[in-house]
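Engineer: 3D model of this:
(one chain, ligands or ions: 3)
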Amino acid sequence: MALPAGAGALLAGAAAVALLSAALVLYELSPDAVLQRAFSLHKAHSIKDMENALQLVRNIIPPLTSQKHKGQDGRIGVVGGCQEYTGAPYFAAISALKVGADLSHVFCTREAAPVIKSYSPELIVHPVLDSPSAVHDVEEWLPRLHALVVGPGLGRNDALLENVKGILEASKARDIPVVIDADGLWLIARHPALIQGYRKAVLTPNHVEFGRLSEAVLRDPGNGSDRREAVRRLSRALGNVTVVQKGERDVISDGEQVLECVQEGSGRRCGGQGDLLSGALGVLVHWALRAGPEKTNGCSPLLLAAMGACSLTRQCSRQAFQKHGRSTTTTDMIAEVGPAFRSLFEA
Ligand SMILES: NC(=O)C1=CN([C@@H]2O[C@H](COP(=O)(O)OP(=O)(O)OC[C@H]3O[C@@H](n4cnc5c(N)ncnc54)[C@H](OP(=O)(O)O)[C@@H]3O)[C@@H](O)[C@H]2O)[C@@H](O)CC1
Ligand SMILES: Nc1ncnc2c1ncn2[C@@H]1O[C@H](COP(=O)(O)OP(=O)(O)OP(=O)(O)O)[C@@H](O)[C@H]1O
Ligand SMILES: [Mg+2]
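Structural biologist: Ligands and ions are numbered 1, 2, ... in the order given. Take a look at the predicted model:
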């Protein structure tokens with residue numbers, strides 16, 4: 001499987017120029033028609049790259065056997081949940097379980113904990129995030145966690161963010177992979193040094209979060225027409241941290257390669273879909289890193305994990321929309337995680 005650095009973009013660019021010249025000379029096509037063909041060609045390359053990557057994602061999924069004990073397929077922690085936001089950490093944590101993690105923990109504030117517990121008996125909920133001993137309390141659990149998802153429903157309270165800084169430092173010191181989303185990205189925009197050069201970090205910004213990060217790191221909102229290049233630049237400036245820019249297409253880069261997830265989703269834009277993505281990504285990052293280079297064929301494990309999580313989220317959205325149309329909510333999407341996972345990765 002070949003996904004060499006920037007090859008897709010280079011090929012698409014070269015092909016577009018060739019097409020442009022040939023078409024103008026031979027068929028006297030209008031520039032609009034030629035551009036449309038160039039875009040189709042580019043899309044075809046994105047789809048091919050995506051399919052190749054999804055083939056490798058299938059390789060990293062651990063088999064379900066009777067030889068395993070509870071916990072081996074993933075113990076994931078979600079850091080988030082405060083007075084205002086209890087849904088976001090729940091969506092992330094339950095999605096991690098539904099994708100295939102064995103245990104899912106939520107580290108949230110004291111008052112958010114009973115609310116999150118009441119949504120599901122399947123989550124382990126720690127009311128520690130606003131405690132003076134928050135960093136120590138989470139640190140005690142770190143040796144038992146395979147990945148952390150930092151930010152869904154965290155809020156922007158300074159004292160909480162200070163605690164999360166300490167949790168991030170402790171996670172890095174233990175080499176634990178971290179997915180950073182939502183208000184975790186707000187913290188990174190203020191303190192990019194927190195994850196600078198940490199190769200086990202994946203950032204999952206939406207449109208607004210990407211602009212904020214790009215402005216903070218590159219002094220440029222990165223909202224020009226070339227999204228692939230903007231994402232690659234941000235990743236590179238952060239020391240090759242993997243960046244997933246969510247949107248109409250999800251653009252994923254580790255500063256070298258750029259992949260695009262063009263899996264069909266739906267037109268529904270209800271809140272919480274990004275939380276589902278970040279929770280799913282927490283598990284897939286763990287699986288991809290554990291799989292080893294022979295399974296990932298030398299491709300970046302974090303890029304593959306990101307492609308897997310983006311495709312899965314969009315497929316959930318598509319399936320839920322087929323059933324519920326305009327009334328689709330993130331809860332409906334979570335109910336589709338199992339069937340969507342099977343159709344994408346186990347068919
Ligand atoms: N049920 C829950 O508990 C949920 C809780 N959540 C939690 O909320 C917290 C804050 O997260 P966030 O995403 O609302 O904050 P942020 O990125 O500042 O966006 C704010 C504003 O930016 C805009 N905007 C957004 N996207 C855009 C786009 N693609 N393109 C263009 N504009 C866009 C839009 O504003 P508009 O301009 O439309 O008024 C939007 O309102 C965080 O902790 C998160 O986890 C959510 O996870 C949802 C479910
Ligand atoms: N315009 C779009 N067309 C199709 N899919 C989209 C579009 N925008 C976002 N998505 C998909 O929706 C999912 C969530 O992305 P979004 O940008 O809504 O994240 P978010 O704002 O962080 O969500 P949340 O409400 O959970 O915070 C991703 O899988 C992304 O691919
Ligand atoms: Mg979000």
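Engineer: Burial check on the one residue in the chain that gets nearest to ligand 3, number of neighbours?
Structural biologist: Residue of the chain nearest ligand 3, by CB to the ion: Gly274 (3.4 Å). Placement of C-beta: from N, CA and C, glycine included. Residues lying near Gly274 (other CB atoms under 10 Å) number 23.
Engineer: Assign a three-state SS to it, would you?
Structural biologist: helix (DSSP: H, G, I helix; E, B strand; the rest coil).
Engineer: pLDDT score assigned to it?
Structural biologist: The score at Gly274 is 98. That number is its pLDDT.
Engineer: what's the answer for the one 3 residues further on, then?
Structural biologist: Predicted confidence (pLDDT) at Leu277: the value is 98.
Engineer: ditto for the one 10 residues further on
Structural biologist: As predicted, Trp287 sits at a pLDDT of 98.
Engineer: Name the nearest residue to Ser46, sequence neighbours excluded.
Structural biologist: Glu260 (4.3 Å; CB to CB, 6 or more residues apart in numbering).
Engineer: how far away is that neighbour from ligand 2?
Structural biologist: 11 Å (CB to the nearest ligand atom, to the nearest Å).
Engineer: Pretty sure that residue sits against Val231.
Structural biologist: No - using CB atoms under 8 Å, Glu260 is not in contact with Val231; the gap is 9.5 Å.
Engineer: which residues do the two both contact?
Structural biologist: 251-252 (CB atoms under 8 Å, 6 or more residues apart in numbering).
Engineer: so what's the closest residue to ligand 2 within the stretch 151-300 of the chain up against?
Structural biologist: Nearest residue of the stretch 151-300 of the chain to ligand 2, counting by CB to the nearest ligand atom: Gly274, 2.5 Å away. With contacts defined as CB under 8 Å, 6+ apart, Gly274 is in contact with 152, 181-182, 204, 206, 246.
Engineer: Which helix or strand in the chain has the lowest average pLDDT?
Structural biologist: Every helix and strand of the chain was ranked by mean pLDDT, DSSP states H and E. The lowest is helix 7-22, at a mean of 48.
Engineer: Which is the succeeding secondary structure element to it?
Structural biologist: Downstream of helix 7-22, the next assigned helix or strand under DSSP states H and E is helix 31-60.
Engineer: what about that next one, average pLDDT?
Structural biologist: Helix 31-60 comes out at a mean pLDDT of 80.
Engineer: Tell me where the stretch 201-347 of the chain has helices.
Structural biologist: With helices called from DSSP state H, counting those that start in this stretch, the stretch 201-347 of the chain shows them at 207-218, 227-237, 273-291, 293-296, 301-324, 330-334, 337-341.
Engineer: do the longest one and ligand 2 meet at all?
Structural biologist: Yes - looking at helix 301-324 against ligand 2 by CB under 6 Å from any ligand atom, the contacts come from 310, 313-314.
Engineer: Pull out the buried residues from that helix.
Structural biologist: 301-321, 324 (16 or more other CB atoms under 10 Å).
Engineer: how about the residues of the stretch 201-347 of the chain near ligand 3?
Structural biologist: Contacts of the stretch 201-347 of the chain with ligand 3, taken as CB under 5 Å from the ion, map to Gly274.
Engineer: near ligand 2, which residues of the stretch 201-347 of the chain?
Structural biologist: 206, 246-248, 250, 265, 269, 271-275, 277, 310, 313-314.
Engineer: what does the stretch 51-200 of the chain give?
Structural biologist: Counting by CB under 6 Å from any ligand atom, the stretch 51-200 of the chain sits next to ligand 2 at Ala182.
Engineer: ok and the residue in the stretch 51-200 of the chain nearest ligand 1?
Structural biologist: For the stretch 51-200 of the chain, CB to the nearest ligand atom, closest residue to ligand 1: Gly87, 2.7 Å.
Engineer: Once you drop chain neighbours, what's closest to that residue?
Structural biologist: Gly272 (6.1 Å).
Engineer: Then Val337?
Structural biologist: Counting by CB to CB, 6+ apart, the residue nearest Val337 is Lys98, at 4.0 Å.
Engineer: these two touch, right, Phe91 and Gly271?
Structural biologist: No - the criterion here is CB under 8 Å, and Phe91 misses it with Gly271 at 9.1 Å.
Engineer: Which of these two has more residues huddled nearby?
Structural biologist: Counted by other CB under 10 Å, Phe91 and Gly271 do not tie: Phe91 has more neighbours, with 27 against 12.
Engineer: so is that one in a helix, a strand, or just coil?
Structural biologist: From three-state DSSP, the assignment for Phe91 is helix.
Engineer: Low-confidence stretches in this protein?
Structural biologist: 1-29, 31, 34-35, 37-39, 41 (pLDDT under 70).
Engineer: and it, which residues reach ligand 1?
Structural biologist: Residues of the chain lying near ligand 1 (CB under 6 Å from any ligand atom): 85, 87-88, 152-154, 182-183, 206-209, 271-272, 274-275.
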